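In: fold the following.
(chains A and B)
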Amino acid sequence: MAEIVGGIGTSHIPGIGAAVDKGKTQEPIWKNLFDHYEPAREWLAELAPDVAIVVFNDHASAFSMQLIPTFAIGVADTFLPADEGYGRRKVPAAQGAPELAWHLTERLILDGFDMTIANEMDIDHGCTVPLSIGCDQPDEWPFAIIPLCVNVIQYPPPTGARCLALGQALQRAVASWEGDERIVVFGTGGMSHQLQGERAGLVNADFDTAFLDGLTADPDGVAAIDHVEYLRDAGSEGIELVMWMVMRGALGDNATERYRHYQVAAASNTAAGLIVLEPA
Amino acid sequence: MQPYDDIPGTYVQDGRQTRLGYALNMFCMSLNEEANRERFKADEPAYLDGFALSAEQRQAVLDRDWVAMLRLGGNIYYTFKIAIVDGLSMQGVGGLMSGVTREEFQQMMINGGRPLAGNRYEEEWKRG
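Out: This is a model prediction of the structure:
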């Protein structure tokens, strides 16, 4: 029986990927953040999962405003890094897990989650930066990858409660798969930040700390944070945190926290969070 | 009126904004292709002729008026593609949108970011 063996919540700040790609991770403005990624990298390397389900949002790369899926799952054999305006990121292509991805898709839809199915999809920094955070710079990613996109750009994104329920359904779908894959789930985005407008640069450490505390201890309480509270108190892009709730749901009721780090990523406009959860 | 309309300096990408900004955002989306970036750089007005932007949106793009682009329905993930063509960082654009230099903006982030206090409601900005 396949099982979910771990979860990572992490920001997917594009500058983190650029710092890795350009060898800047030991520069003063980045060093502390990358030093604190090390325990999570060691944990992930030791866990050696077969598959990662990466929950992220596309940033006008694979999807435009022409078509805006609330939840989309990638069932392809391979996913190439997207050209977001700089050329494609020089990281390995992600190898998919199409048989498992199709199983998850079917189970999720029959379980009431109306997934959009992506047979072809480039993956942008939302997916590739968490992989760099978890794995640094390997020649190939050390596991297969199933991308799961959540719309958080067009208002309204799905609610935190809906994302938590999707994660719970994902765990059920994994448990019903005949294979024996060991799977990690990445929930990405956030934490508090605002990229746009005259209020750009907003950070709310109190909100983020309460979110990290509640993620393990009170997921239903965190899932109840409404959109206006996110927008007002965590910044217009802080609402990305609903994607962490998919990861949380997939880890089961009694998940425990293994590791966390939180700081403002001073070379970006964003509070960077990292949390490692293990199922009971 | 939406319950988030009173958040200062914030343009929520709801249906109103997407209807207003669709052509502007789809122009930005086109810059994902290298050939289009080159065509845009070579002759911005001619390139923009290929998209149904309003006169105001067109001028905001040509002027690199980043806040006006948002006000006119642009979304930051889309308009930032113009900034990439210009070689600007997100902190650089953050400074331009909030009226400070990139260095000042970065210093604010080093200091922990823009605080929430005083920045939750438009009323707070009006009172100064």
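
In: where does chain B have low pLDDT?
Out: For chain B, applying pLDDT under 70 flags the ranges B:128.

In: can you list the domains in it?
Out: Annotated domains of chain B cover B:10-87, B:89-120 [automatic domain parsing].

In: so which of those is nearest chain A?
Out: When the domains of chain B are compared by CB to the nearest CB, domain B:89-120 sits nearest chain A, at 2.8 Å. Placement of C-beta: from N, CA and C, glycine included.

In: could I get the domains of chain B in JSON lines, plus columns for mean neighbour count and distance to residue A:188?
Out: Shown next, in JSON lines, are the domains of chain B (neighbours: other CB atoms under 10 Å in any protein chain shown; distance: least, CB to CB, whole Å):
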{"stretch": "domain B:10-87", "mean neighbour count": "18", "distance to residue A:188": "15"}
{"stretch": "domain B:89-120", "mean neighbour count": "18", "distance to residue A:188": "17"}
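
In: any chance of those in TSV with distance to chain A as columns?
Out: Formatted as TSV, those follow (distance: least, CB to the nearest CB, whole Å):
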stretch	distance to chain A
domain B:10-87	4
domain B:89-120	3
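
In: what residues does the stretch 51-200 of chain A have near chain B?
Out: A:59-61, A:64-66, A:82-87, A:153-156, A:192-200 (CB under 8 Å from any CB of the partner chain).

In: same thing but 6 Å
Out: Within the stretch 51-200 of chain A, the residues that sit near chain B (CB under 6 Å from any CB of the partner chain) are A:59-60, A:64-65, A:83, A:85, A:153-155, A:195-200.

In: who wins for proximity to residue B:2 among the domains of chain B?
Out: domain B:10-87 (6.7 Å; CB to CB).

In: from the chain's centre, how far out does the closest one sit?
Out: Here domain B:10-87 is found 8 Å from its chain centre; the criterion is CA atoms, centre = their mean, to the nearest Å.

In: next one: stretch A:264-277
Out: 13 Å.

In: now do the helices in the chain.
Out: The chain I'm using is chain A. Applying DSSP state H to chain A gives helices spanning A:14-21, A:28-35, A:38-47, A:98-110, A:125-135, A:160-175, A:205-217, A:219-223, A:227-233, A:242-250.

In: was after chain B, sorry
Out: Under DSSP H, chain B gives helices at B:15-30, B:34-42, B:44-48, B:55-63, B:66-71, B:76-86, B:90-98, B:102-110, B:122-127.

In: what helices or strands is the first one leaning on?
Out: Counting contacts by 3 or more CB pairs under 6 Å, 6 or more residues apart in numbering or on different chains; DSSP states H and E, the secondary-structure elements packed against helix B:15-30 are helix B:76-86.

In: the helix it packs on packs against which elements?
Out: Checked by 3+ CB pairs under 6 Å, 6+ apart, helix B:76-86 has helix B:15-30 packed alongside it.

In: tally of neighbours for the nearest residue to residue A:170 once chain neighbours are set aside?
Out: Of all residues not flanking residue A:170 in the chain, residue A:250 sits nearest, at 4.6 Å (CB to CB, 6 or more residues apart in numbering or on different chains). Per other CB atoms under 10 Å in any protein chain shown, the neighbour tally for residue A:250 reads 28.

In: for residue A:175, same thing?
Out: Residue A:175: 12 neighbours (other CB under 10 Å).

In: now residue A:22
Out: 9.

In: before we move on, what about residue A:101?
Out: 24.

In: likewise for the one 5 residues further on?
Out: With neighbours defined by other CB under 10 Å, the count for residue A:106 comes to 14.

In: residue B:78 contacts residue B:28, correct?
Out: Yes. With contact defined as CB atoms under 6 Å, residue B:78 counts as touching residue B:28 (3.8 Å).

In: nearest residue to residue B:62 in space, ignoring adjacent ones along the chain?
Out: Closest to residue B:62 by CB to CB, 6+ apart is residue B:44, at 6.2 Å.

In: gap between that neighbour and residue B:72?
Out: 17 Å (CB to CB, to the nearest Å).

In: ok, residue A:245 next?
Out: 33 Å.

In: local confidence estimate at the most centrally placed residue in chain A?
Out: The centre of chain A sits closest to residue A:188, judged by CA atoms, centre = their mean, with a distance of 2.4 Å. Residue A:188 carries a pLDDT value of 98.

In: so who does it touch?
Out: A:10, A:12, A:56, A:130, A:243 (CB atoms under 6 Å, 6 or more residues apart in numbering or on different chains).
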